[in-house]
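Student: Here is my input; please provide its structure:
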Amino acid sequence: MYVHLDNHVNWKNHVEQILPKLSVACFSIRNLIHSLNLDILHMLYFAYFHSLFQYGIIFWGNSTHAQQVFKLQKRVVRVMSGVGSRSSCRSLFRKLNILPTACQYLLSLMLFIVDNQKCICTWYRHQKQKSFIFTCCKFILCSKRSFIVWDQTL
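Tutor: Numbers count the residues shown, from 1 in each chain. Below you'll find the predicted structure:
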């Protein structure tokens, strides 16, 4: 798996590369819906669809092309829930404990910042020595749904 980036720093190529793979995952889940229970389908979603979907999301998750991935994610959630194509997905995401694309992007980005906090603070210190004024933020994962953020002067 690669992250595809064009000369214009556009994520269209990458999204176009992963959409067919995500469609195949959706098709597989659709074919197995009648022979597997919801728990197994949930595991299949995370093993197949989500692993492809999450790869590199901190880079492409904020692009305009992420909407196409979100539409496919909604389709897979509807298939797993056995509802029609016009049904609202908001409650289905909660029921299946699946984060929508935008929420997954934010979670992945915050976890990246928390995991790489030392490197980010080092970069800020280096920039401050060049007469830039930056502050380093401390991030603490408080629960599965919230972060505490505060500024720390370097």
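
Student: Quick one: list the elements packing against the helix or strand containing Met43.
Tutor: Using DSSP states H and E, the secondary-structure element containing Met43 is helix 38-44. Other elements packing on helix 38-44 under the criterion 3 or more CB pairs under 8 Å, 6 or more residues apart in numbering; DSSP states H and E are helix 12-32, helix 66-81. Heads up, the C-betas are built off the backbone N, CA and C, glycines and all.

Student: Which SSE is immediately downstream of that helix?
Tutor: helix 50-54.

Student: Go through that following helix and flag the buried ones.
Tutor: Under the neighbour-count criterion of 16 or more other CB atoms under 10 Å, helix 50-54 has His50, Phe53, Gln54 buried.

Student: will you turn those residues into JSON lines that also has pLDDT?
Tutor: Putting those into JSON lines (pLDDT from 0 to 100) gives the following:
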{"residue": "His50", "pLDDT": "93"}
{"residue": "Phe53", "pLDDT": "89"}
{"residue": "Gln54", "pLDDT": "90"}
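
Student: out of those, who's nearest Lys95?
Tutor: The shortest gap between Lys95 and any of the buried residues of helix 50-54 belongs to His50, at 16.1 Å (CB to CB).

Student: Let me see the domain layout of this structure.
Tutor: According to automatic domain parsing, the chain is divided into the following domains: 12-109, 116-152.

Student: Can you give me the first-to-last residue distance of the longest one?
Tutor: Separation of the first and last residues of domain 12-109 by CA to CA, to the nearest Å is 20 Å.

Student: go on, stretch 90-107?
Tutor: End-to-end distance for stretch 90-107, by CA to CA: 18 Å.

Student: Can you mark which positions in it are buried?
Tutor: Judged by neighbour count using 16+ other CB under 10 Å, the buried positions of stretch 90-107 are Leu92, Phe93, Leu96, Ile98, Leu99, Thr101, Gln104, Tyr105, Leu106, Leu107.

Student: related to what we said a few turns ago, deepest-packed of the helices and strands packed on helix 38-44, please.
Tutor: Comparing the helices and strands packed on helix 38-44 on average neighbours per residue, with mean count of other CB atoms under 10 Å, the densest one is helix 66-81 at a mean of 19.

Student: Specify the next element, helix or strand, located C-terminal of it.
Tutor: Helices and strands here follow DSSP H and E; after helix 66-81, the next one along the chain is helix 90-96.

Student: Leaving out the residues flanking it, which one is nearest to Arg75?
Tutor: Residue nearest to Arg75 in three dimensions, not counting chain neighbours: Cys26, with 5.8 Å by CB to CB, 6 or more residues apart in numbering.

Student: Perfect, that will be all.
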